[in-house]
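[1] Any chance you can model this:
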Amino acid sequence: MEKHRILVVDDEPDLQMLILQRFRKQIKEDEYEFFFAENGEEALDMLSESHNISLVLSDINMPRMDGLTFLTETQKLENPMFKTVIVSAYGDMDNIRTAMNRGAFDFVTKPIDFTDLNATIEKTLKEIQLIQDGIQHKKTLEAVQTDLETAARIQQKMLPQEFPPFPDRSEFSIYAEMYTAKQVGGDFYDFFMLDEHHLGFVCADVSGKGVPASLYMAVSRTTIKAIASQIQDPALCLSTVNTMLIPESDLTTFVTAFYGVMDVRTGKVQYCNGGHNLPYIVRNDGTVEEVETTEGILLGKIEPFNFETKEFTLEPGEKILLFTDGVTEATAVDGSMYEEPRLEAFLEKHSKDNINKLVRSLIVDVLKFMGKADQSDDITVLSVGYNG
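    Numbering: from 1, shown residues only. Next comes the predicted model:
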């Protein structure tokens, strides 16, 4: 049990002896340790020198600095870790009100009823303990928040950040951004050359928030990229990733992913969807098409499952836009959601924008829609354009 350090401020010599006698048991058992000062000035010096005193028992009528002035001065210390109980013969309401208004926690009258004083001390120490616990919890939360912010920065750095990523390739364009929520999340995007003529790209979202989601995101991203380098067919790739992620998943962890492979010579895109939001194709005539879904399911939960590869072709100048549910499920202050029709209208309006402008403008549009509402999920957008 932690020893409580109690400062008694009183110029009556007999009180010290009474305190030491009445609380002998607590002193012997190391519950209380008493310190003594004869006036307010001396008490302030002791408080300034030691931050371990948690309770002050102070008289009002004392030489050099009385108890009420002492109370006023203690407020300047801005130390919430100790409380002051006034112990005085001046038990009239004016003095009690003045003491309480100057920060006293309680008031005990003289002659001292030690049963009452003991109960007051125990009650005050419990209150002090609650404050100390609250301060410690605040420090712990601040440390956790710092760790989460660090994890978020590391997570961001895991994703491709330099654009254009393949400056020597003119056949295609890629741009992506992830606007993270306050918490560490599990969104990710990635792209990589599978060989000289095939570009792989993926947009994914891990369930949950916090460090577990970010760790699962790292595992998922690494697994998809590793398997994609060995298996070019999107369905077989996601099926293999699904099998490999199941042992790494717990009851609530999974990842949705859309994976595509573009032949950069022709604009043909083969793809498979693993339970993710379906992307949109932005055509040259300004029309917007939702990509046809495939057989597939979120990854890391169910096996066996048949995944399916389908394909479409982009003409030169056309592009595909992938996104996570942080876009369509973004919520405004009035509770309304961004949703797919608003996204489709945005893409039709901005169909002529290059992919960099398209991605950035979409994120800005979502943030404007949310207004002052809290962002509860990462907003991730990836666009791949075929230049011919």
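[2] Low-confidence regions, the stretch 1-150 of the chain specifically.
    Applying pLDDT under 70 to the stretch 1-150 of the chain flags residues 1, 51, 80.
[3] which parts of stretch 31-39 are buried?
    For stretch 31-39, the neighbour count (16 or more other Cβ atoms under 10 Å) marks 32, 34, 35, 36, 37, 38, 39 as buried. Any C-beta I mention is one placed from the backbone N, CA and C, and that applies to glycine too.
[4] Over to stretch 190-203?
    190, 191, 192, 198, 199, 200, 201, 202, 203.
[5] Check stretch 174-194 too.
    Neighbour-count burial for stretch 174-194 flags 174-181, 183-192 (criterion: 16+ other Cβ under 10 Å).
[6] what are the ranges of the helices in this structure?
    Along the chain, counting by DSSP state H, helices occupy 13-22, 24-28, 40-49, 67-75, 93-101, 114-158, 210-228, 234-245, 325-328, 339-349, 355-370.
[7] Out of the ones you listed, flag the one nearest residue 251.
    Among the helices of the chain, the nearest to residue 251 by Cβ to Cβ is helix 210-228 (11.6 Å).
[8] Could I get the average pLDDT for the closest one?
    The average of the pLDDT scores along helix 210-228 is 87.
[9] just stretch 166-181 next, same as before
    92.
[10] Compute the first-to-last residue distance for that stretch.
    Chord length of stretch 166-181, first to last residue, is 29 Å (Cα to Cα, to the nearest Å).
[11] from the middle of its chain, how far away would that stretch be?
    Distance, stretch centre to chain centre, for stretch 166-181: 28 Å (Cα atoms, centre = their mean, to the nearest Å).
[12] and if you look at stretch 348-366?
    Distance of stretch 348-366 from its chain centroid, counting by Cα atoms, centre = their mean, is 28 Å.
[13] mind listing what's buried in it?
    Under the neighbour-count criterion of 16+ other Cβ under 10 Å, stretch 348-366 has 350, 351, 353, 355, 356, 358, 359, 362, 363, 365, 366 buried.
[14] re earlier: give me the subset of the buried residues of stretch 174-194 lying in strands.
    Among the buried residues of stretch 174-194, DSSP state E puts 174, 175, 176, 177, 178, 179, 187, 188, 189, 190, 191, 192 in strands.
[15] which two from those end up farthest apart in space?
    Across those (Cβ to Cβ), the longest gap, 22.8 Å, separates 179 and 192.
[16] I'd like to know how many residues surround the closest residue to residue 38 other than its chain neighbours.
    For residue 38, ignoring the flanking residues on the chain, the nearest one in space by Cβ to Cβ, 6 or more residues apart in numbering is residue 11 at 4.6 Å. Counted with other Cβ atoms under 10 Å, residues neighbouring residue 11 total 14.
[17] before we move on, what about residue 298?
    Residue 298: 20 surrounding residues under other Cβ under 10 Å.
[18] Not counting sequence-adjacent ones, nearest residue to it?
    residue 275 (3.4 Å).
[19] do residue 305 as well
    Leaving aside its chain neighbours, residue 305 sits nearest to residue 297 (5.1 Å; criterion: Cβ to Cβ, 6+ apart).
[20] show me what contacts that neighbour?
    242, 274, 275, 305, 307 (Cβ atoms under 8 Å, 6 or more residues apart in numbering).
[21] Check what pLDDT it gets.
    90.
[22] Let me know the distance separating it from residue 107.
    Distance, residue 297 to residue 107, by Cβ to Cβ, to the nearest Å: 69 Å.
[23] And for residue 141?
    Distance from residue 141 to residue 107, by Cβ to Cβ: 35 Å.
[24] Looking at these two, which one has more neighbours?
    Of the pair residue 141 and residue 107, residue 107 is the one with more neighbours under other Cβ under 10 Å, namely 18 against 10.
[25] Output the buried residues of stretch 348-366 in CSV, with pLDDT and distance to residue 97 appended to each entry.
    Formatted as CSV, the buried residues of stretch 348-366 follow (pLDDT from 0 to 100; distance: Cβ to Cβ, whole Å):
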residue, pLDDT, distance to residue 97
350, 96, 67
351, 95, 73
353, 95, 69
355, 96, 70
356, 96, 68
358, 97, 67
359, 97, 64
362, 97, 62
363, 96, 58
365, 97, 59
366, 96, 56
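[26] which of the buried residues of stretch 190-203 lies closest to residue 99?
    For the buried residues of stretch 190-203, the nearest to residue 99 is residue 203 (64.9 Å; Cβ to Cβ).
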